[in-house]
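Peer 1: Please work out how this folds:
(2 chains)
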Amino acid sequence: MNSEKIINFMGRRYLAVVFSAVMLAVSVGALAVKGLNFGLDFTGGTLIEMHYPETADLEAIRTQLRDQGYPSAIVANFGSDQDVVIRIQADGEKVGDQVAAVLVESYASEGEVIRKRTEYVGSQIGDEFANDGGLGMLFALAVVMVYVALRFQFKFSVGAVVALVHDVTIVLGMFALFQLDFDLTVLAAVLAVIGYSLNDTIVVFDRVRENFRVIRKAEPIEVINISLTQTLERTLMTSFTTLLVLSALFFVGGELIHNFALSLLVGIVVGTYSSIYVAANILLTMNITKEDLMQIEKEGEDQESLMP
Amino acid sequence: MNRYPLWKYLLILAVITVGVIYALPNIYPPDPAIQISGSSAALDIDDRTMTKAEQAIKELGVDYFGAENSGTSGLIRLYDRSMQLSVQRKVQEALGSDYVVAVNLAPTTPQWLLDLGAGPMKLGLDLAGGVHFLLEVDTARVLTEELESIEDTVEKHIRSERLHGVDARVHDGIMTITTDTDEQRMKLTDFLRKEVPELQYERVEQGGKFLLNATMSDAYIRQKEDYAVSQNLTTLRNRVNEIGVAEPMVQRQGRNRIVVELPGIQDTARAKSIIGKTANLEFRLEANETTFTSQREEFPWRDELKQSRSGNNVVEKRPVITGSMVTNAQIGYDPDTSLPQVNITLDSQGGTAMHRRTRDNVGRRMAVVFIEYKTEIKRQRSGDGEEEIVYEQIPQASIISFPVIQGALGRSFRITGIDNPAEASELALLLRAGALAAPMGFVEERTIGPSLGAENIALGVKSVQIGLALVLVFMLFYYKVFGFAANIALAVNLTLLIAIMSMFGATLTLPGIAGIVLTVGMAVDANVLIFSRIREELANGVPPQTAIKSGFERALETILDANITTFIVAIILYGIGTGSVKGFAVTLAIGIVTSVFTATTCTRAIVNLIYGGRRVNKLWI
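Peer 2: Coordinates of the predicted model:
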């Protein structure tokens, strides 16, 4: 590989650190101040989605609900101005049926109001989902760390996990910042982001490991730059094709998986960035050397042995 | 160089053929249909029933086709899905309550595919529409009741042995027996060891008294819980059949929960009222002069007319048998008087208990007590001042029948003297409905309307198509001949993914479709890795054939490393997810496996076919 083509990624590593730090600070700040806007799955309560034959009058619906004894009901459009979603924090599995029935009956104009879905989640279940989700995320990180440490080396697993935490925090931070609805599908997407971002990072690491073994007499920073340059095409290509399909999902997939697609879109962009500027950066910061990757030959390994 | 032996091509071809066969059933759209079955398993569907049903559809002026009858269930296909519901109602009316008429989507898979065991993927509720319930069995209550019945045994023993100063109490899952002497305590322990070997003991001395704390062993608790949950499962299955759903799912989830999924159901309120009949039954003897005051309990009648006639009745506190021992209850007619009656069958345990208590009590009355549980939600402050929500099951007990025991009863007996058939069938229904081992409450419910389901499918399919088209065009444009090979591999990948999901009977959900879309995007990753390796090799001046070979070989380790980690994440996702999220995890996991296979093997095969074994000067990559 001739040296002119090598992009000096790591030359801007301090700039990247500043950038990441700002992103993380904003994310953590948003998470701390605003918090995640947990959806029904985690808070428990009732959700009703109705379809109106014409533009729905949200104010009228609110009034009706207040008359029914649900003053705290949240009414909003969902996807189009004919679709309405109503969230009620009351517990009790009958609320959904009652509210839907009232809205269907009291609709005076022409046409028919259609109940698209109702969901009721007991608050106890919601807590469980949240616990399981959080535990699952930690567990995923731990397993990944062990796997990478076994397949590569400890410094690599630190790099991979820091990159993952970085990506997950930023995606969550975005959801907190814009107060987007965080439900089970988004949690699934965040876990998929872990998988995806890891995929990217592993590919880069694989090349770093290979190059440390193959290229003699080169500074670690050069080896990493060479590796990043070599994998850049693949990193961009895969991210691009994935972004293509996710855009399809985001724009035509419908309202129900809108946030799912959005978190993946953001996660993949951040994941691509982090595999270069976070994961590789950590390797450098931890003073990765050729020796780290040399297989230590155990004494006597080559010798024949007599076993009982 | 770069040639596969023939067997490799054949193997790949075989895999693809199998994939195509098992994926194929998914392209046949199902017909809207109604399904007819007997309300009890004994009732077969004969030709007369089918003719009656068809007649009813004709009266409605709806076109139908392909009426078929398997003996246990009949199927009539319709052309127009919007007529399904009115047809169902009409046919149900015509056939009466002995039959259950359900709306259904009948698969149209050709016979030769069915013969090969192929069938379409099942659609999740978010795609098919329907309801999902999660019920929680109150196992804590079962355990308390069990301990209380043990306490009952102990108290009887205390009385019959005339042990003075001995007292037994149940509190918070612990039975405490207080005695005056250590010797008494020893004797009671021996007695309990013999009677209930599943208890664990702890001895405490307190204020000059000798205390024995007995708790149930974990294994025993498990066993009791398992029994209660499986009993409720059976009851729920029967109730679900009553609703008339073509492919219901009733499944245990975790230690004490049950999932019920009813695809395609529209009348959710009715479904819920049938499933949610959280009721229990107890047969109790009428209280008489030998009954202790502490062993008496008073109940009103369920029926208001009877309540006004005879008022509350006093019965014994301890039940003779409970509803979980009732295996069947059917309306019948007395052969002599032709008056309506209810025939009841018990399990063997119930039969023995019934016999033991009735043989000495002929002439005494026995009450059938029906207990309904209503879930009430209360908010209360816990110790650390935080507000928490508590579910409380409030029992509402009433007498539904109070007959006189005419003789020693056994496993099967009957209740006679019922005024009219309607009342008898109501009683039989309540007796069957009460066969729950433990009360249950709804903890989660999701209802998806059919319109939303159809909309989700349409949007999902559209995004798969658009995403796939974009990727195909881009790959062809960027990698030319190799892009073509990758595209074929991608098509094979999708086919295999769908085939495997169909074979495993996996359920397709909206996040599942998203998983497919994501797989399409990421599946090319392995090929991109290979191709960029080949390009690199070429740039380093390696001859084309060698570049192809080493490109594939050197990328393999990276591909495996990258995909194994993603696979691990998919498995974790499956472990923590529920319902639709599980669907996403499944597609992701299967997608990873198929994409690694197709990207390495299929692409290689196509590239070998194009370039293999000849002189190549330039690669179109």
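
Peer 1: model confidence over the lengthiest helix in chain B, on average?
Peer 2: Longest helix in chain B by number of residues (criterion: DSSP state H): helix B:450-503. Averaged over helix B:450-503, pLDDT sits at 90.

Peer 1: who does that helix touch, helix- and strand-wise?
Peer 2: If you count contacts as 3 or more C-beta pairs under 8 Å, 6 or more residues apart in numbering or on different chains; DSSP states H and E, helix B:450-503 packs onto strand A:114-121, helix A:220-252, helix B:6-23, helix B:125-128, helix B:510-539, helix B:579-597, helix B:603-611. Every C-beta, even on glycine, is put in place using the N, C-alpha and C of the backbone.

Peer 1: How far off centre is the next helix or strand after it?
Peer 2: For helix B:450-503, the following helix or strand on the C-terminal side (DSSP states H and E) is strand B:507-508. Its chain's average C-alpha position is 15 Å from that of strand B:507-508, according to C-alpha atoms, centre = their mean, to the nearest Å.

Peer 1: quick one: the residue in the stretch 1-150 of chain B that chain A sits nearest to from B:Met175, how far?
Peer 2: Per C-beta to the nearest C-beta, B:Leu134 is where the stretch 1-150 of chain B lies closest to chain A, at 6.8 Å. Separation of B:Leu134 from B:Met175 (C-beta to C-beta, to the nearest Å): 32 Å.

Peer 1: any weak-confidence spans in the chain?
Peer 2: I went with chain A, as the question did not name one. A:1-4, A:90-93, A:294-308 (pLDDT under 70).

Peer 1: Not quite, go with chain B.
Peer 2: B:39-42, B:97, B:242-244, B:266-270, B:273-274, B:276-279, B:373-394, B:429, B:432-437, B:578-580.

Peer 1: What number of residues are in the vicinity of A:Phe78?
Peer 2: 19 (other C-beta atoms under 10 Å in any protein chain shown).

Peer 1: next one: B:Glu282
Peer 2: B:Glu282: 19 neighbours (other C-beta under 10 Å).

Peer 1: host element of it?
Peer 2: strand B:279-285.

Peer 1: the helices in the stretch 1-150 of chain B, which residues?
Peer 2: Using DSSP state H, counting those that start in this stretch, the helices of the stretch 1-150 of chain B run over B:6-23, B:47-60, B:84-95, B:111-115, B:125-128, B:139-161.

Peer 1: Need the winner for burial among the ones you listed.
Peer 2: Among those, helix B:125-128 has the highest mean neighbour count (mean count of other C-beta atoms under 10 Å in any protein chain shown), at a mean of 26.

Peer 1: contact partners of that helix?
Peer 2: The contact list for helix B:125-128, computed with C-beta atoms under 8 Å, 6 or more residues apart in numbering or on different chains, reads A:256, B:105, B:131-132, B:261, B:263-264, B:446, B:448, B:450, B:452-453, B:456-457, B:460, B:508-510, B:579-580.

Peer 1: picking up where we left off before, quick one: closest of the helices and strands packed on helix B:450-503 to A:Asp97.
Peer 2: strand A:114-121 (6.8 Å; C-beta to C-beta).

Peer 1: For the residue of the stretch 1-150 of chain B closest to chain A, give me its contacts.
Peer 2: Residues near B:Leu134 by C-beta under 8 Å, 6+ apart: A:Ile125, B:Gln253, B:Arg257, B:Ile258, B:Val259, B:Val260, B:Phe442, B:Val443, B:Glu444, B:Glu445.

Peer 1: on that earlier part again, distance between the longest helix of chain B and the chain's centre?
Peer 2: That offset, for helix B:450-503, works out to 32 Å (C-alpha atoms, centre = their mean).

Peer 1: okay, the angle between it and helix B:510-539?
Peer 2: 50 degrees (axes from the mean of the first three to the mean of the last three C-alpha atoms, to 10 degrees).

Peer 1: Span of stretch B:38-54 from start to end?
Peer 2: Using C-alpha to C-alpha, to the nearest Å, the end-to-end distance of stretch B:38-54 comes to 16 Å.

Peer 1: Measure how far that stretch is from the centre of its chain, please.
Peer 2: Stretch B:38-54 has its C-alpha centroid displaced from the chain centroid by 27 Å (C-alpha atoms, centre = their mean).

Peer 1: Touching that stretch from outside, list them.
Peer 2: With C-beta under 8 Å, 6+ apart, stretch B:38-54 has contacts from B:34, B:36-37, B:64, B:67, B:69-74, B:76, B:91, B:94-95, B:97-101, B:241-242.

Peer 1: What sits closest to B:Leu573 if chain neighbours are left out?
Peer 2: B:Ala585 (4.0 Å; C-beta to C-beta, 6 or more residues apart in numbering or on different chains).

Peer 1: The closest residue to B:Lys122 other than its chain neighbours: what's it in contact with?
Peer 2: Once flanking residues are discounted, B:Lys122 sits nearest to B:Thr507: 4.7 Å by C-beta to C-beta, 6+ apart. With contact taken as C-beta under 8 Å, 6+ apart, B:Thr507 is in contact with B:Met121, B:Lys122, B:Leu123, B:Gly124, B:Gly583.

Peer 1: mind redoing it with 6 Å?
Peer 2: Residues counted as contacts of B:Thr507 (C-beta atoms under 6 Å, 6 or more residues apart in numbering or on different chains) are B:Lys122, B:Gly124, B:Gly583.

Peer 1: Is chain A within reach of stretch B:511-528?
Peer 2: Yes - interface with chain A: stretch B:511-528 contributes B:Pro511, B:Ala514, B:Val517, B:Val520, B:Gly521, B:Met522, B:Val524, B:Asp525, B:Val528 (C-beta under 6 Å from any C-beta of the partner chain).
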